[in-house]
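J.: Predicted coordinates and the sequence they were generated for:
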Amino acid sequence: MASDQENSQDANAPDDTSEKEITRGITIMKSIIRDRDKAVTYNVNWNADNQLIGSNAAKLASYIGTLVQEEWVAFVAQRRDENFKKVSATNRERASNPTYVYKKGRLGYARLEEKILDETKSDATSLPPHVLWKEARVGKDGTVRDDVQHIYDECETLSQSISTAEDQENRSVLSRALNVPEYPGRVRGKGHGCTPTSLYKNPRRRNPSNQEVMETLQALQAQVLQLQKDNERYRCMEKCSSQLKETSEKASINCQNKFPEGISSCQLYLSSPTYRLVGKGKVHNTSGDLLHHRPLPDGHLKVSVDVVLDKDALLPIPDIVSETTFLRDAIGSFVAWPLDLIFIDDEVFAQGSQQLSQKIGSRQKNKRDLPVTSLPKKGAFVPRYQISLETLVDSSDMATAGAIRLLDMEEDIFGYSCTETIGKEDLEHIFRHQELGVGVIHTYIRFLYDNFMRGNDQLSNRFRFVSSSLVNKALICREPDSCREYLVKRFMASSTNNLYLWPYNSGCHWLLLAIDPLKEVVYFLNSIDGEWTNYPDMKQLVDTSIKVFRSQIQARVPRTKSSNITWIKVQCPLQRNGIDCGYFVMRFMREIINMNQIEIPITYFDEYKCAHYTRLQLEQIKEELCQYFIEKRLII
């Protein structure tokens, strides 16, 4: 017990920050000396950033002093020097009133990191500096100051756009968020002992060893040999294709008859070096079809690659245009595939393909007889409208580049009449489940207006929309006055409480704002769980527009209203990738209108409460879009 008390006193002795004479002598730590004489050892541990951690970390930090007794006199003399005292006083004064107070005492960043990893049972070896910086400023009651939370949130946003290499060469995200310089030899938020070199595991330039040079040369030689093989294989295939042209033409005629006309799901095989299934996709069996504006090779059909099962599989014919050799690099694009290595899915061949052929035939005879069915039920989902619309696109002039369709947007939707342009790429984004543009978002708004609000005075008077074409990130930065004028004019159409649904595009992400200008409440729905403070230009525009609207309303009818505009972050479902934001925004708008409530609960509507939307829930939104395109006869 006495030994423990001695160690505790040594480890917890407070620093003497007064100007009095330094009287403390050399640290001896008798308990460790006695244990050393008894051959008792203490184990110490180091974290991934080469910092001392573990139960004996404090002992070693204090015991190190006993190992440098000869330097103690020089150390004391240096501390008594008048120049040092002036520097020390200046630094002490500067650190006496920090903006963000450190609250972990002698625990230190390294042991704080160890504690967090142990408590969370994480498999990680380290935490980002800004995470430790925030945790080091959490008080005993667990509360986090707003200014600390703001810096942390800004770091989270910056970390998504700044690469690790950029951090090393310039400043870390924490230094950027704090707007302070980064000093050499240490890393802000990681503590004593951690340097940029140890953190990023990337020493400064050094000459490679002979072994490294040889390994690099061997890797390059292997790449050259592989390229030579690929080139030889391609030349051989070209030669065989020219020699067997007549035979291939006959085989093509016979084989094409085995495939249903139109687009069918298929399995893709290769026969070399072994016969195997390598991927799945869709075969496009239409007469006169071209691949990258060129005729298809004989004995081949055009296929679109959706799934790759063999990541090392080579394309039967490398794509010269895009310089693609591997099948994995052709996902979402079209390639030529040998007829005898394409196999139609049995279910599609028996049901879907015949049905699609019938649809094409009926469309040609009578365009008004296109089949329309209700949305499929969960558990048996087949994207019927997507398949139908894709077939219509491929059999119309929309299959060619540059073809567009125009959709009229009447004045009641956005407060002004306009025309929305839909191109083939917009439809491809729906079919391939890719990021959506404003044309698709606005088309879905037109669908909501036609199917929910038209003829329903209660809904049409309660919900209104803001055009993403007139108010977005680019226009807010370039033409803020015109954006504000449009919003104020839109709000002035309110005679009662209205909820304005505004899909906002930040440049690379869609989120939804639901604005009640009379109550001065803004609901913020973000599918990546970010804060509205991450979009300062957008927030400033909304706040300013509401204040201008308030002043104009008060000029008409005097009202008493506080100057505070309330922003509410709604705990809505969150996306799990970087693509789904547009689909989430469309579903948010549908559910808000369907619930028919001006006030959105902070935890979202109970009927739709979930951690994230399933793929089925997003596919249903796409089905509604595709059905709307078909029913409005936009493609025909």
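T.: Ah, there it is. The structure displayed is predicted, hence computed values, not measured ones.
J.: List the contacts of Tyr500.
T.: Neighbour list for Tyr500: Arg464, Phe465, Val466, Arg490, Phe491, Leu513, Ala514, Ile515, Asp516, Pro517 [criterion: C-beta atoms under 8 Å, 6 or more residues apart in numbering]. Where you see a C-beta, it was placed from the backbone N, CA and C, and this is true even at glycine.
J.: how does it look with 6 Å?
T.: Residues in contact with Tyr500 (C-beta atoms under 6 Å, 6 or more residues apart in numbering) are Arg464, Val466, Ile515.
J.: Where neighbours are concerned, which of the residues you listed has the most?
T.: Neighbour counts for the contacts of Tyr500 (other C-beta atoms under 10 Å) peak at Ile515, which has 26 neighbours.
J.: which residues does the spatially closest residue to that residue that is not a sequence neighbour bridge with?
T.: Setting aside the residues directly before and after it, Ile515 is nearest to Tyr500 in space (C-beta to C-beta, 6 or more residues apart in numbering), at 4.5 Å. As for beta bridges, Tyr500 partners with Arg464, Ile515 under DSSP bridges.
J.: do you know how far Tyr500 is from Ile568?
T.: Tyr500 sits 15 Å away from Ile568, going by C-beta to C-beta, to the nearest Å.
J.: if we can go back for a sec, kindly indicate which of the contacts of Tyr500 lies nearest Gly279.
T.: Nearest to Gly279 among those: Val466, at 42.9 Å, using C-beta to C-beta.
J.: tell me the secondary structure for the residue nearest to the closest one when sequence neighbours are not counted?
T.: In space, and not counting its chain neighbours, Val466 is closest to Trp502: 3.6 Å by C-beta to C-beta, 6+ apart. Three-state call for Trp502 (DSSP: H, G, I helix; E, B strand; the rest coil): strand.
J.: give me the number of residues near Trp502?
T.: Other residues within reach of Trp502 by the criterion other C-beta under 10 Å amount to 23.
J.: One more: Ser265?
T.: Other residues lying near Ser265 total 17 when counted by other C-beta under 10 Å.
J.: That one pairs with what?
T.: Beta-bridge partners of Ser265, as defined by DSSP bridges: Lys282.
J.: Would you mind listing where the stretch 251-400 of the chain has pLDDT under the threshold?
T.: Residues of the stretch 251-400 of the chain meeting the criterion pLDDT under 70: 251-258, 275, 287-288, 320-322, 345-381.
J.: Helices of that one, start to end?
T.: Taking DSSP state H, counting those that start in this stretch as the test, the helices found in the stretch 251-400 of the chain are 346-347, 353-365, 384-394.
J.: cool, the stretch 1-150 of the chain as well?
T.: Along the stretch 1-150 of the chain, counting by DSSP H, counting those that start in this stretch, helices occupy 2-12, 30-37, 57-63, 72-80, 82-94, 108-120, 129-135, 146-159.
J.: winner for burial among the ones you listed?
T.: Between these, helix 129-135 has the highest mean count of neighbours, a mean of 22, where neighbours are mean count of other C-beta atoms under 10 Å.
J.: Dump that one to CSV, restricted to CA.
T.: Output of helix 129-135 as CSV, limited to C-alpha atoms (Å, rounded to 0.1, in the frame of the first residue of the first chain):
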residue,chain,number,x,y,z
PRO,A,129,-7.7,13.9,-34.4
HIS,A,130,-10.9,15.9,-34.5
VAL,A,131,-12.8,13.1,-32.7
LEU,A,132,-10.2,13.1,-29.8
TRP,A,133,-10.2,16.9,-29.8
LYS,A,134,-14.0,16.9,-29.2
GLU,A,135,-13.9,14.1,-26.5
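J.: got a list of contacts for it?
T.: For helix 129-135, the surrounding residues in contact (C-beta under 6 Å, 6+ apart) are Tyr109, Glu113, Val148, Tyr152, Cys155, Leu174, Val187, Gly189, Lys190.
J.: ok, now with 8 Å
T.: By C-beta under 8 Å, 6+ apart, the residues outside helix 129-135 that reach it are 100, 109, 112-113, 116, 144, 148-149, 151-152, 155-156, 159, 172-174, 177, 187-191.
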